[in-house]
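1. here's a sequence, model it:
(chains A and B)
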Amino acid sequence: MASLNVNGKTFQADVDPRTPLLWVLRDSIGLTGTKYGCGIAQCGACTVHIDGVATRSCSVPVSSVGGKQITTIEGLAQNGVLTKVQKAWVDNDVPQCGYCQSGMIMAVSALLKSKPKPTDADINAAITNICRCGTYQQVREAIHAAAKA
Amino acid sequence: MNDMPKFDRRSFIVGTSAAGLSLGLSIPVAGAQTAAGAPASTQTPEVNAWVVVQPDDKVVIRVVRPDMGQGSLTGLAQLVAEELDCDWSKVSTIYPTAGQNLARKRVWGAMNSTGSQAIRTSQEYVRKGGAAARIMLVQAAANEWKVPASECTVEKGVITHKASKRKTTYGKVAEAAAKITPPDPKTIELKDPKVWKIAGKPLKRLDTADKVVGKHQFGVDVKRPGMLIAAIRDCPVNGGKIKSFDAAKIEGMRGVKKVVQVGDSGVAVVADTFWNAKTAVAALPIVWDEGDNIKVSSASIAEFLKEGLSAEQAYVGNKAGDAKTALAGAVKKVEAVYSYPFLNHAAMEPMNATALYTADRCEVWCPTQNAEGALAAVIATSGLPGEKCEVYQTQLGGGFGRRGRTDFVIQAVQIAKQMPGVPVKLMWTREEDMTHCSYHPITQCKMEAALDAAGNVTGLHMRISGQSILASLAPERLENGMDGATFQGLTASSPEGAFGYNIPNLLIDHAMRNTHLTAGFWRGVNSNHNAIYVESFIDELAHAAGKDPLEFRRGLLKPKQLAVLNAVAARAGYGKAPKGVFQGLSSMHTFGSYVAACAEVSVTDGKVKIHRIVAATDPGHAVNPAQIERQVMGSFVYGLSALLYGECTVKNGAVEQTNFDSYNVMRMDEMPKIEVIVMPSGGFWGGVGEPTISVAAPAVLNAIFAATGKRIRSVPLMNHNLTQT
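-> Here you go, the predicted model:
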């Protein structure tokens, strides 16, 4: 039985301890905003925060996150109030299909915590998530907009 | 397996297989289901099939064409709302189901989003749907006031009778409007696009809110009561079969509920969670009968295609004058051989479908570009009559043509049939998705041109050798064996895509060479390689003639294609690139639109950097310029990912690339600055999602030649050494 703290709540999940956090979030807890894209930490669609650090949850066994604070896309907005990153995403009309955007927003939210005014080079280095629709130019604009907000 | 029934690229009607089943069933349409299966919020009777107005004036517009990110949901709603004259801030949308469309004799027309057709092939009837609803709503108010409808005006859903100073709203008269006889569509006059207030404007998408909070419900997110999850392994060699598998070895593994054979080539494990299903199916001992295809390799395919470059028999797609005689009498002859590889769509959401089968009903929830095709597949696979089957289209995590197929739907139903009463969500791993695609067709091309003493092109022979998509997916659509779609952008005069250059002696032909891998529609389709072949070779001819590539093209191009090329040249400052930066051009007429690009690159120590691309598109009409810009940018990311890294290779009959580590795609650090010129010239309706993809790669390749003097004739670039020597 794995115990984990997600978005401020405690959950128990009866799973193999080797199960990646991604699948515990999606299938055991029912938080499906975090997406599966590759399963090998290449695409970033499954990015969540573990103690504030952007982490690809497909490659983290659930046994390693007990006692840590996990935040998913569902845990960003508080009482329906969007974060400045989410708001910049809406204002800049960023998503196309939207599938990668949960991970993208989580990665960007972590970046802006460590670097509140990132340069384009900072963005290039930190945001390596894959978007097949090709929203990269809007993502970049929205990051700069969120940094100014 | 032909799993794409009646896929007609011209009319795009999914057609008789589904429509023939139309039975006039009584399905409650006002309570249309949302994608996730929740009942719609409205019990209000519809004004017509397209429009429901609630008492609080909220307008629900029904859109059947799936939006996989391309923005057509918003664009189609804009077109309906424009003619409806409603308040845009009160608009929401809903997807009717394929079963509802069938039951209502396809009142919503075709449901597919393929071939950049979602808006352009339905724009007229959706606008008429909005206009008819407006006419009925105004008539209802006029009836109530006992005045002629012609004396009433409407703006933003408020109806006014000026003479008597009376006002009402759509919400108040909607119920009465629902009882009014609809106007004859032939009598409905549509607005001149010049006076559009909602359509034609760069409005924001309607479907963003859920995407930033993780609530957008994709196929993988479907939840049904008591649902189990399946993972599958299909034979890694296309055409191969299952010989045997040892279910007993994994039946005791955690969470495993059942091990089932799927068709004659796959095995699925049904479990409580995806992780348990995937872990167990990976451990399942399977003996495959790969058949003769195990002998196929990339090298054997290349040899097979090479033979087609000089074969006697070929299908002629475009012929003018006598190219062979012109070539024989050339003052200067230029020849080059090009090639283009297999590509996987690699949509971010791997293929999936959820199916529930009982003895008298089969329901499927799935992300599909072709819900009616999916419904036909459910009917055929379940063995149940049409009125007992249903397909709910969920949101799609990308599509790019891959989700027009129904192979994953068929598998889901095959699994569900073995577990009656239990909803089963089949999810492919990325590895399964990478190795079981309908791949971008593989081709080679031999280009031969004749120049006269003044450097004029007097003749051109373009011989394509390679796969036919229609032969793979819709063989009934071949015409005397010929695949007309092969000549995308190369035809003599098709409004869908005509060859852009005036060349007096021309021969474009196709030696069809089909491989064991299934070919499929991949964003941009055949125009991807056709544009590289034509636009790179035109560049080669310009240099052979000693002319500037822009001036050379100007002497040959037809007017609308020249207009978009001139637009990018002007905006980019062609000929005035900064030091160390080199420019390349390309243009194309495809999916009904005229498109062009000017790329700016530098090459340092063999590494290409794409700095900027200026793009132009003339789609005839622009329903939402902001979303068109995003489609152009997105198509470039997709096309440039293929240019830089895209290649699926074959070893022992199987595709070697299994995930994004071996099938790389562009990330943010490689994204050039893209500027988009949207220049609709009116008079036709072209596509948006796909046309521009074709010009990205050749513009960059031509810029690389300008930078290095190296002509790249095969892609991806990662296979080439661009280090200066």
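2. for chain A, which residue gets nearest to chain B?
-> Distance from chain B to each residue of chain A (CB to the nearest CB) is smallest for residue A:33, at 1.9 Å. For glycine as for every other residue, the C-beta is placed from the backbone atoms N, C-alpha and C.
3. neighbours of that residue, just the number please.
-> For residue A:33, the neighbour count with other CB atoms under 10 Å in any protein chain shown is 25.
4. with the one 5 residues further on instead?
-> A count of neighbours around residue A:38, defined by other CB under 10 Å, yields 27.
5. that one contacts residue B:660, correct?
-> Yes. With contact defined as CB atoms under 8 Å, residue A:38 counts as touching residue B:660 (5.1 Å).
6. next, show the common contact partners of the two.
-> The overlap between the contact sets of residue A:38 and residue B:660 (CB atoms under 8 Å, 6 or more residues apart in numbering or on different chains) consists of residue B:430.
7. how about residue B:124, what does it touch?
-> Taking CB under 8 Å, 6+ apart, we find residue B:124 in contact with residue B:190.
8. which element follows the helix or strand encompassing it toward the C-terminus?
-> Using DSSP states H and E, residue B:124 sits within helix B:123-145. On the C-terminal side of helix B:123-145, the closest following helix or strand by DSSP H and E is strand B:152-155.
9. checking the residue of chain A closest to chain B next. Helix, strand or coil?
-> Assigned by DSSP: H, G, I helix; E, B strand; the rest coil, the conformation of residue A:33 is coil.
10. now it: closest residue in space, sequence neighbours ignored.
-> Once its chain neighbours are removed from consideration, residue A:33 has its nearest residue in residue B:214; the separation is 1.9 Å (CB to CB, 6 or more residues apart in numbering or on different chains).
11. go on, residue A:42?
-> Taking CB to CB, 6+ apart as the measure, residue A:42 lies nearest to residue B:660, with 4.0 Å between them; neighbours along the chain are not counted.
12. and the one you found, how far is that from residue B:438?
-> From residue B:660 across to residue B:438, the span is 19 Å (CB to CB, to the nearest Å).
13. does residue B:453 really touch residue B:331, like I thought?
-> Yes. With contact defined as CB under 8 Å, residue B:453 and residue B:331 form a contacting pair (4.9 Å).
14. what about residue B:477, neighbour count?
-> Residue crowding around residue B:477 was assessed by other CB under 10 Å; the count is 18.
15. and it, backbone torsions?
-> The phi/psi pair for residue B:477 (degrees, to the nearest 10) reads phi -100, psi 0.
16. quick one, phi psi at residue A:110?
-> Backbone torsions of residue A:110, given as degrees, to the nearest 10, read phi -70, psi -40.
17. hmm, it is touching residue A:52, no?
-> Yes. Applying CB under 8 Å as the test, residue A:110 and residue A:52 come out as touching, 6.9 Å apart.
18. sheet partners, orientation included, of the helix or strand of chain A with the lowest mean pLDDT?
-> For chain A, scoring each helix and strand by mean pLDDT, DSSP states H and E identifies strand A:2-6 as the least confident one, at a mean of 94. For strand A:2-6, the pairing partners within the sheet under DSSP bridges are strand A:9-13 (antiparallel), strand A:69-71 (parallel).
19. returning to what we had before: pull out the buried positions in the helix holding residue B:124.
-> By neighbour count, with 16 or more other CB atoms under 10 Å in any protein chain shown as the criterion, the buried positions of helix B:123-145 are B:123, B:125-142, B:145.
20. what's the answer for stretch A:71-79, then?
-> Residues of stretch A:71-79 classed as buried by neighbour count (16+ other CB under 10 Å): A:71-76.
21. residue B:453 and residue B:331: which is more packed in?
-> For residue B:453 and residue B:331, the more surrounded residue by other CB under 10 Å is residue B:331, and the numbers stand at 12 against 7.
22. what does the stretch 51-200 of chain B put close to chain A?
-> Taking CB under 8 Å from any CB of the partner chain as the criterion, the neighbours of chain A within the stretch 51-200 of chain B are B:68-71.
23. as JSON lines, the residues you listed with pLDDT and distance to residue A:48 would be great.
-> Shown next, in JSON lines, are those (pLDDT from 0 to 100; distance: CB to CB, whole Å):
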{"residue": "B:68", "pLDDT": "97", "distance to residue A:48": "25"}
{"residue": "B:69", "pLDDT": "97", "distance to residue A:48": "23"}
{"residue": "B:70", "pLDDT": "97", "distance to residue A:48": "28"}
{"residue": "B:71", "pLDDT": "97", "distance to residue A:48": "28"}
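24. does the residue nearest the centre of chain A belong to a helix or a strand, and which?
-> Per CA atoms, centre = their mean, the C-alpha nearest to the average position across chain A is that of residue A:106, at 3.0 Å. Using DSSP H and E, residue A:106 sits within helix A:101-114.
25. picking up where we left off before, which residues does the residue nearest to residue A:33 contact?
-> Residue B:214 makes contact with A:31-34, A:72-74, A:102, according to CB under 8 Å, 6+ apart.
26. I'd like the distance between it and residue B:705.
-> Distance from residue B:214 to residue B:705, by CB to CB: 45 Å.
27. repeat that for residue B:235.
-> Counting by CB to CB, the separation of residue B:235 from residue B:705 is 42 Å.
28. between these two, point out the one with more neighbours.
-> For residue B:235 versus residue B:705, the count of surrounding residues by other CB under 10 Å is larger for residue B:235: 25 against 19.
29. so who does the more buried one touch?
-> Shown in contact with residue B:235 (CB under 8 Å, 6+ apart): B:241-242, B:265-266, B:288, B:290.
30. nearest to residue B:346 among those residues?
-> The shortest gap between residue B:346 and any of the contacts of residue B:235 belongs to residue B:266, at 20.6 Å (CB to CB).
31. got the contact list for the closest one?
-> Applying CB under 8 Å, 6+ apart, one finds that residue B:266 lies in contact with B:232-235, B:242, B:411.
32. ok, and the most crowded of those residues?
-> When neighbours are counted as other CB under 10 Å, the busiest of the contacts of residue B:266 turns out to be residue B:411, with 28 neighbours.
33. where's that one, which helix or strand?
-> Remark: residue B:411 resides in helix B:407-416, with elements defined by DSSP H and E.
34. so what touches the helix or strand just after that helix?
-> Where DSSP H and E defines the elements, the next helix or strand beyond helix B:407-416 is strand B:424-427. If you take CB under 8 Å, 6+ apart as the criterion, strand B:424-427 is touched by A:36, B:220, B:222, B:224, B:227-232, B:268, B:270, B:274, B:277, B:350, B:352-356, B:408, B:411-412, B:415-416.
35. just the buried ones from these, in ChimeraX syntax?
-> A single ChimeraX command selects the buried members of these (16+ other CB under 10 Å):
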select /A:36 /B:220,222,224,228,229,230,231,232,268,270,274,277,350,352,353,354,355,356,408,411,412,415,416
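36. show only the entries of the contacts of strand B:424-427 found in strands.
-> When strands are assigned by DSSP state E, the members of the contacts of strand B:424-427 inside them are B:228-232, B:268, B:270, B:352-356.
37. need the contact list for the closest residue to chain A within the stretch 551-700 of chain B.
-> Nearest residue of the stretch 551-700 of chain B to chain A: residue B:637, at 2.8 Å (CB to the nearest CB). Residue B:637 makes contact with A:131-134, A:136, B:666, B:671 under the criterion CB under 8 Å, 6+ apart.
38. so which of those wins on neighbours?
-> Within the contacts of residue B:637, most neighbours by other CB under 10 Å means residue A:131, with 33 neighbours.
39. you'd agree residue B:486 is up against residue B:508?
-> No. In this structure, residue B:486 sits apart from residue B:508 without contact. The criterion is CB under 8 Å, and the distance is 9.5 Å.
40. number of residues surrounding the residue nearest to residue B:129 when sequence neighbours are not counted?
-> Using CB to CB, 6+ apart and skipping the chain neighbours, the partner closest in space to residue B:129 is residue B:50 (3.4 Å). Neighbour count for residue B:50, taken as other CB under 10 Å: 29.
41. likewise the one 5 residues further on?
-> Using other CB under 10 Å, residue B:55 has 13 neighbouring residues.
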